[in-house]
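Novice: turn this into a model:
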Amino acid sequence: MKKKKQLSDTSFLLMVTVGLFILMYAAGMIVFADKGFAKPQMFLNLFISNAGLIVISCGLTLVMITGGIDISVGSVTGLVAMASAYQMEVNGSGAYTALALSLLIGLAFGVVQGYLIAYLDIQPFIITLAGLFFGRGMTAVISKEMISVKNETFLAWAKYKIYLPVGTTNKRGVFQPAYIYPTVIVALLVLIAVAVMLKYTRFGRRLYALGGNQQSALMMGLNVRRTKFYAYTLNGFLVGLGGFLFFLNSCAGFVEQAKGLEMDAISASVIGGTLLSGGVGNPVGTLFGVLIKGAISSLITTQGTLSSWWVRIALSSLLCFFIVLQSVIASRKKKSM
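Specialist: I've put the predicted structure just below:
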């Protein structure tokens, strides 16, 4: 009975998130129909612009389900981009080497932070705050100047378009197909893999058990420390991969890159229905949280007169709303127990 109620809460949060996105995007299609907001490419651009954020947010969702947090993801993304750009343009390495380096950097952060949090019982906020400063500092150590990538293989990856059988017809009557980049395919495959892992594997059930009640998980014989360590390690790997996808969009590395990305990822996870207290979360909801962030950005850009800071204002307002909603759900649970 208790499990059924928890599932209904998860479904309710997901329903609110999906409904909000549909309402927001439908309003944009009506208000900005003359500016092309209703075109299929405009919708696909939400995925293209946020492919890296989708992967990073999925990793962060895993950590948040356990009741943890990782605020270093933005700095790690910036470090991944700068290190990869430096490796290709200064050291003359190939794109595959840069990809391997990106995954290695993310994995290293995940392993170190995961070990300190899981086995030394240090607060996740403190450890990942240190990771935030370390990552940003190392980015500046590598280079204080912007490094633009000219590697042919990398640029071929970044510019390769996958055309879809949908699109629009221009004024001359020529059909223009909509397209996506390979980064979108990778992001969606990661999303599906994480969703399947959480729902159908023993490790996924352990993550939910750990976030729901750590003491109960210990009494059931769950290896809490190892589970927590694996969650942060997997999160680090996904941040490395997501950072490389982010890098494919910018094709350059610079010190201030991905600044504030950690707040976008946390907001997407919370808006997507992941409880800050742990035990509840869904990568599909996280996807819609990212799409809501992208839709807000597109609406403000299409409107044309509002400052880009309104994206942060709107996102923070939504974050507050969902935190309050989660608090109401949590208090209702306590009363029913």
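
Novice: and residue 49, how many neighbours does it have?
Specialist: Counted with other CB atoms under 10 Å, the neighbours of residue 49 add up to 17. For every residue, glycine as well, the C-beta is placed using N, CA and C.

Novice: next, give phi and psi for the nearest residue to residue 29 once chain neighbours are set aside.
Specialist: Take residue 29 and drop its neighbours on the chain: the residue closest to it by CB to CB, 6 or more residues apart in numbering is residue 38, 4.3 Å away. When quoted as degrees, to the nearest 10, the phi and psi of residue 38 stand at phi -90, psi 0.

Novice: for residue 38, grab the count of nearby residues.
Specialist: 16.

Novice: where does it sit relative to residue 59, distance-wise?
Specialist: Distance, residue 38 to residue 59, using CB to CB, to the nearest Å: 33 Å.

Novice: before we move on, what about residue 28?
Specialist: Applying CB to CB to residue 28 and residue 59 gives a distance of 29 Å.

Novice: so if I had to pick from the two, which one is more boxed in?
Specialist: For residue 28 versus residue 59, neighbours defined as other CB under 10 Å are more numerous around residue 59 (30 against 21).

Novice: burial count for the spatially closest residue to residue 254 that is not a sequence neighbour?
Specialist: In space, and not counting its chain neighbours, residue 254 is closest to residue 146: 4.0 Å by CB to CB, 6+ apart. Per other CB under 10 Å, the neighbour tally for residue 146 reads 14.

Novice: correct me, but residue 146 touches residue 253?
Specialist: Yes - counting by CB atoms under 8 Å, residue 253 is a contact partner of residue 146 at 7.0 Å.

Novice: any idea which element the closest residue to residue 259 other than its chain neighbours lies in?
Specialist: Nearest residue to residue 259, sequence neighbours excluded (CB to CB, 6+ apart): residue 74, at 6.2 Å. Following DSSP states H and E, one finds residue 74 within helix 73-89.

Novice: what's the answer for residue 221, then?
Specialist: For residue 221, there is no enclosing helix or strand under DSSP H and E.

Novice: and it, how close does it get to residue 327?
Specialist: Noted for residue 221: a distance of 32 Å to residue 327, by CB to CB.

Novice: the more surrounded of the two?
Specialist: More crowded of residue 221 and residue 327, by other CB under 10 Å: residue 327, with 13 against 6.

Novice: hang on, the more buried one in a strand?
Specialist: No - counting by DSSP: H, G, I helix; E, B strand; the rest coil, residue 327 is located in no strand; its state is helix.

Novice: that one and residue 212, how far apart?
Specialist: Going from residue 327 to residue 212 by CB to CB gives 17 Å.

Novice: now the strands for the protein?
Specialist: Shown for the chain, the strands assigned by DSSP state E span residues 147-148, 162-169, 175-180, 252-253.

Novice: returning to that earlier point: with just CA atoms, put the helix holding residue 74 into PDB.
Specialist: The C-alpha trace of helix 73-89 is given here as PDB (Å, rounded to 0.1, in the frame of the first residue of the first chain):
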ATOM      1  CA  VAL A  73      28.900  19.500 -12.800                       C
ATOM      2  CA  GLY A  74      29.200  22.900 -14.400                       C
ATOM      3  CA  SER A  75      32.900  23.300 -13.600                       C
ATOM      4  CA  VAL A  76      33.600  19.700 -14.700                       C
ATOM      5  CA  THR A  77      31.800  20.400 -18.000                       C
ATOM      6  CA  GLY A  78      34.000  23.600 -18.500                       C
ATOM      7  CA  LEU A  79      37.100  21.600 -17.700                       C
ATOM      8  CA  VAL A  80      36.100  18.800 -20.100                       C
ATOM      9  CA  ALA A  81      35.600  21.400 -22.900                       C
ATOM     10  CA  MET A  82      38.900  23.300 -22.200                       C
ATOM     11  CA  ALA A  83      41.000  20.100 -21.800                       C
ATOM     12  CA  SER A  84      39.600  18.600 -25.000                       C
ATOM     13  CA  ALA A  85      40.100  21.800 -27.000                       C
ATOM     14  CA  TYR A  86      43.700  22.000 -25.600                       C
ATOM     15  CA  GLN A  87      44.400  18.400 -26.400                       C
ATOM     16  CA  MET A  88      43.300  18.700 -30.000                       C
ATOM     17  CA  GLU A  89      44.600  22.200 -30.900                       C
END
